[in-house]
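> let me see the structure of the following:
(4 chains)
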2 protein chains.
Amino acid sequence: MKPKTHRLGDLQLKIMQVLWSRTEATVADVHEALSHQIDLAYTTVATMLRKMELRGLVHHRNEGRSFVYRPAVAASEVTRNMADDLVDRLFHGSLTAAVNHLLTTREVSRDELARLEQLIAEKRRTS
Amino acid sequence: MKPKTHRLGDLQLKIMQVLWSRTEATVADVHEALSHQIDLAYTTVATMLRKMELRGLVHHRNEGRSFVYRPAVAASEVTRNMADDLVDRLFHGSLTAAVNHLLTTREVSRDELARLEQLIAEKRRTS
DNA sequence: GACAAACTACTACCCTGGTAGTATTACCAG
DNA sequence: CTGGTAATACTACCAGGGTAGTAGTTTGTC
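Sure, this is the predicted structure:
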């Protein structure tokens, strides 16, 4: 029953992010929130939300004549599934390979490195 | 002119991986190589390769009556672009957030943690 | 009660990935 | 030269994301 959440399109993800950030939103709310990033017709957002509901990504309830949408899947789940999917596809599931890749291809500030080191040290202690 | 390589479909990526692993391959080669993972018609592979050439992902040369395909984009580039794309979409470009997420949602063995720590230590030294 | 505003419903496209069948061509074996 | 085989070319289709117009409904306001 649970939807496959490992591949969301750009717009879908953006919409989900809006919903996650406020737990509930009308079409107008979402449209408003996205208007700063992209210029979309109101109906585009509405249509997308309807499609997303079919896919099980969101629910809605009626409030007067408007639909109030809320996420049907948690941000953590989607993020996790999308990340896992990519790690699987690109690095055969190897976390080390993935992190290694990220570290070697991106500019990483000294600060960030320190933070990462700390993060791992923490993990090692608690695992 | 360079193709956007940040989103490859499943099949496309699998095909690229075959090409990368042997630098050149005929349709038959690719089909053969993938037959262990998935059952595809020969023409499916051929069609996909043609589409990929249109997209600028591969090149081909003629050898007798067969096409010999080779990658038009490097594995490192694709991997990098795909990874970056995801980090941008999910973590607003924050590497730390991405790594943090990976560490907290996946099972990470003690061994792997050690390897990661080493990796970061290395980075810190050379950066 | 009439009208504009706000919404949803429906429909229609386009694009790309994926999948594969059919047609055509080239070549090799007998 | 005939038939089979192996290739590519062409065509077709489906699904899903993305985008949006138009139609219809509800409702609040003069």
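
> what's the spacing between the one residue in chain A that gets nearest to DNA strand D and residue A:87?
Nearest to DNA strand D, among the residues of chain A, is residue A:9, at 2.0 Å (Cβ to the nearest atom of the strand). Bear in mind the C-beta positions are built from the backbone N, C-alpha and C, glycine included. Distance, residue A:9 to residue A:87, using Cβ to Cβ, to the nearest Å: 20 Å.

> looking at those two, which is more packed in?
Using other Cβ atoms under 10 Å in any protein chain shown as the criterion, residue A:9 and residue A:87 rank with residue A:87 on top: 21 against 12.

> okay, the more buried one: pLDDT?
As predicted, residue A:87 sits at a pLDDT of 96.

> leaving aside the residues next to it on the chain, what's closest to it?
The shortest distance from residue A:87 to any non-neighbouring residue, by Cβ to Cβ, 6 or more residues apart in numbering or on different chains, is to residue A:98 (4.8 Å).

> so which helix or strand takes in that neighbour?
Using DSSP states H and E, residue A:98 falls within helix A:95-105.

> what residues are up against residue A:86?
Contact partners of residue A:86, counting by Cβ atoms under 8 Å, 6 or more residues apart in numbering or on different chains, are A:98, B:82-83, B:86.

> around residue A:2, how many other residues sit close by?
8.

> report the contact partners of it.
By Cβ under 8 Å, 6+ apart, the neighbours of residue A:2 are A:56, A:73.

> can you pull the pLDDT of it?
On pLDDT, residue A:2 comes in at 73.

> by neighbours, which of the contacts of residue A:86 wins?
residue A:98 (23 neighbours).

> pretty sure that one contacts residue B:82?
No - using Cβ atoms under 8 Å, residue A:98 makes no contact with residue B:82, being 11.0 Å away.

> who touches both of the two?
With Cβ under 8 Å, 6+ apart as the test, residue A:98 and residue B:82 both reach A:86, A:90.

> hang on, the earlier thing: what packs against the helix holding residue A:98?
Judged by 3 or more Cβ pairs under 8 Å, 6 or more residues apart in numbering or on different chains; DSSP states H and E, helix A:95-105 is in contact with helix A:75-91, helix B:75-91, helix B:95-105, helix B:110-126.

> please repeat the previous calculation with a cut-off of 6 Å.
Counting contacts by 3 or more Cβ pairs under 6 Å, 6 or more residues apart in numbering or on different chains; DSSP states H and E, helix A:95-105 packs against helix A:75-91, helix B:95-105, helix B:110-126.

> I appreciate the help and will end here.
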